[in-house]
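Asker: Okay, predicted coordinates and the sequence, questions at the end:
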Amino acid sequence: MSQNTTTSTEQTSLLPTYLVTRDEPCPSCGYNLRALKSDHCPECNQQLVLRVGLAEPRMAAFITGLVGLAMGFGFCVIFASSYAICRLSEPYSIGIEWRHLWPTAVGSFVLGTALLCWLCWRRTINRISPPLYWVLAAMCFLASGIAAYTCYVVYWPTNELIFSDPAPLN
Ligand SMILES: [Zn+2]
């Protein structure tokens, strides 16, 4: 018998014992599960498990880092896409060159990889001390800020060409 099967069986047998004297709502439909005999909710028929949970999950630093990286990644992808569309639709008239796309391409790759690592290694990151966690979260915002500033600096000449008013006709 595998470890998972053993755990599942133990959870199923402990669930009715736990609910004999307790008023606990079904997490799905809110039905009171007191004195439940099986491992399925009688109201919504979903399977229930008995688990250990955190009293107050510390999510603030994780979400801060996630938002920081997602903002930078989104900015780079949107910028790269809009400039690529402009370049393809108006190849010669508005001064956009393919070389202007390199900061957003690098930014998209670096921030996208960091975002993926932040999500996949969440459990490992959760083990570090809170001060270091906040430093990492701040670095996520800093990386996005650097990417956005680099894009702005590199694109500045083309921004002038795109967004400046046309010369008056005389
Ligand atoms: Zn239910």
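Answerer: Great, that's in hand.

Asker: Do I have it right that Ala70 meets Ala114?
Answerer: No. Between Ala70 and Ala114 there is no contact under CB atoms under 8 Å: 10.2 Å. Placement of C-beta: from N, CA and C, glycine included.

Asker: after the worst-scoring helix or strand of the chain on mean pLDDT comes which helix or strand?
Answerer: Across the helices and strands of the chain, mean pLDDT, DSSP states H and E gives its lowest value to helix 3-19, namely a mean of 71. As assigned by DSSP states H and E, the chain's next helix or strand after helix 3-19 is helix 60-89.

Asker: For the spatially closest residue to Ala61 that is not a sequence neighbour, what is the enclosing helix or strand?
Answerer: Closest residue in space to Ala61, ignoring its immediate chain neighbours: Tyr133 at 4.2 Å, by CB to CB, 6 or more residues apart in numbering. Element membership for Tyr133 (DSSP H and E) is helix 130-163.

Asker: Which strands or helices does that helix pack on?
Answerer: Counting contacts by 3 or more CB pairs under 8 Å, 6 or more residues apart in numbering; DSSP states H and E, helix 130-163 packs against helix 60-89, helix 102-120.
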